[in-house]
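Asks: Quick one: sequence plus predicted model below, questions after.
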Amino acid sequence: MRWLCFLLVSAAAAQAGPPAAKPLRFDIAALVAQRDSYTFYLNGEERGQAVWQYELQGDHVIFTATSELRPTDAESLRVVMDRQSGAPVSSFHRITLFNPQSDTVLVEHDLIVRQGRVEGTRRVGLRDGRITTRAVRT
């Protein structure tokens with residue numbers, strides 16, 4: 001599901017000015033409320049699931065998605081966008097993972113967009129239990 005962050009990147013890039021190549025644009029206003037889910041199988045055994053949905057709430061489109069691939073990966077994502085412009089309003093993304101070659105077991109961001117600025121926090125959790133939190137302001 002990590003590719004789903006394109007929703008924030010494409011909207012931010014569209015507002016950044018003229019790009020070198022023609023941008024990919026989504027008609028956010030044309031989205032309808034929708035939900036779908038999948039089950040993941042490996043060698044005939046159920047190993048996980050993914051669920052995603054679009055909700056329409058007033059002037060906002062809310063995209064949520066969760067997935068799990070046992071025993072190594074779980075992810076949740078919530079992106080709120082302005083329904084008319086597609087501009088990002090907020091984003092929450094959490095990935096928990098297990099990789100024997102990495103000390104990182106958690107990566108999370110919780111961001112909000114206000115007056116053209118992105119603010120929030122980014123957390124990284126390590127296998128030994130330490131969690132590093134950094135403020136994001138850009």
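Replies: That came in fine, so what should we check first?

Asks: where along this protein do the helices fall?
Replies: If you assign secondary structure with DSSP state H, the helices in the chain sit at 6-15.

Asks: Distance of the most centrally placed residue in it relative to residue 61?
Replies: Among the residues of the chain, the one closest to the centroid is residue 77, at 4.0 Å (C-alpha atoms, centre = their mean). Residue 77 sits 14 Å away from residue 61, going by C-beta to C-beta, to the nearest Å. All C-beta spots, glycine's among them, are computed from the backbone N, C-alpha and C.

Asks: same question, residue 70
Replies: Applying C-beta to C-beta to residue 70 and residue 61 gives a distance of 30 Å.

Asks: And these two? Which one has more around it.
Replies: residue 61 (23 against 13; other C-beta atoms under 10 Å).

Asks: so that one bridges to which residues?
Replies: residue 56, residue 81 (DSSP bridges).

Asks: ok, it - contacts?
Replies: Neighbouring residues of residue 61 by C-beta atoms under 8 Å, 6 or more residues apart in numbering: 28, 31, 54-55, 80-83.

Asks: With distance to residue 127 and pLDDT as new columns, can these be given to me in a markdown table?
Replies: As requested, these are arranged in a markdown table below (distance: C-beta to C-beta, whole Å; pLDDT from 0 to 100):
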| residue | distance to residue 127 | pLDDT |
| --- | --- | --- |
| 28 | 39 | 79 |
| 31 | 39 | 83 |
| 54 | 35 | 94 |
| 55 | 35 | 95 |
| 80 | 32 | 95 |
| 81 | 34 | 91 |
| 82 | 39 | 90 |
| 83 | 41 | 88 |
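
Asks: from those residues, which would you call buried?
Replies: Neighbour-count burial (16 or more other C-beta atoms under 10 Å) applied to the contacts of residue 61 gives 28, 31, 54, 80-83.
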